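>>> I would like the atomic coordinates for the input below:
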Amino acid sequence: MMQGIQAELLTETTELHFQRMLTNPDYGYQEKHNGHRLMIAKQDGQLFWFNREGEKSSKALPIQVRHALLSHPLDTFVIDGELVKTTFFVFDALILGDEVITNDVYEYREARYHQEFEPHHGQDCPYRCGEESPVGAGTGREGRGHRLEESTEVLSYW
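All right, here's what the predicted structure looks like:
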């Protein structure tokens, strides 16, 4: 089991609490595509993918997705998303290039992954950014990501 970054899992809630979350601008939600949740890291020309428990996934990453992500201009990233057949839906980013954005509000992380990934996919590209979330202003830290140190390896965050 890896240490550090872990996927946030669903939390059981009551119907009343769910109704309150739907009307609270501090909460957001995203469409579920009924695929496989994966966190994908790219470092040193290699891809690594992990399941929601942070363990190396046994799920095969389709060649089209691997090729597209390996060809992406960013040398380093950690993204969270959902694999549906041969398409990977990005719905969060934790590291983009040398920017660690794990402590930033979701709205900032969402804007950053859209900025980094949308311009690089065309009609036939096997990854997609999730639809922009209907979220409120957020209550998290408003600062921006910090930089990875030259010697820091992305996988040490896991």
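
>>> so what does the helix or strand containing residue 108 touch, helix or strand wise?
With elements taken from DSSP states H and E, the one containing residue 108 is helix 106-117. If you count contacts as 3 or more CB pairs under 8 Å, 6 or more residues apart in numbering; DSSP states H and E, helix 106-117 packs onto strand 77-84, strand 87-96, strand 127-129. Quick note: C-beta positions are derived from backbone N, CA and C, even for glycine.

>>> let's go with 7 Å and repeat that
Using 3 or more CB pairs under 7 Å, 6 or more residues apart in numbering; DSSP states H and E as the contact definition, the elements that helix 106-117 packs against are strand 87-96, strand 127-129.

>>> give the bridge partners for residue 37, please.
When assigned by DSSP bridges, residue 37 has beta-bridge partners residue 82.

>>> and it, how many neighbours?
By other CB atoms under 10 Å, 18 other residues sit near residue 37.

>>> kindly report the same for residue 52.
What residue 52 shows, counting by other CB under 10 Å, is a neighbour count of 16.

>>> separation between it and residue 118?
When CB to CB, to the nearest Å is applied, the distance between residue 52 and residue 118 equals 25 Å.

>>> check residue 102 too.
Computed with CB to CB, the distance linking residue 102 and residue 118 is 21 Å.

>>> which residues of this protein fall in helices?
Under the criterion DSSP state H, the chain contains helices at 15-23, 63-71, 106-117.

>>> between those helices, which one is closest to residue 41.
Each of these was checked against residue 41 via CB to CB, and the shortest separation belongs to helix 63-71, namely 9.9 Å.

>>> one step back: now the helices of the chain as a markdown table including distance to residue 32 and mean neighbour count?
Rendered in a markdown table, the data for the helices of the chain read as follows (distance: least, CB to CB, whole Å; neighbours: other CB atoms under 10 Å):
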| stretch | distance to residue 32 | mean neighbour count |
| --- | --- | --- |
| helix 15-23 | 15 | 10 |
| helix 63-71 | 19 | 15 |
| helix 106-117 | 16 | 19 |
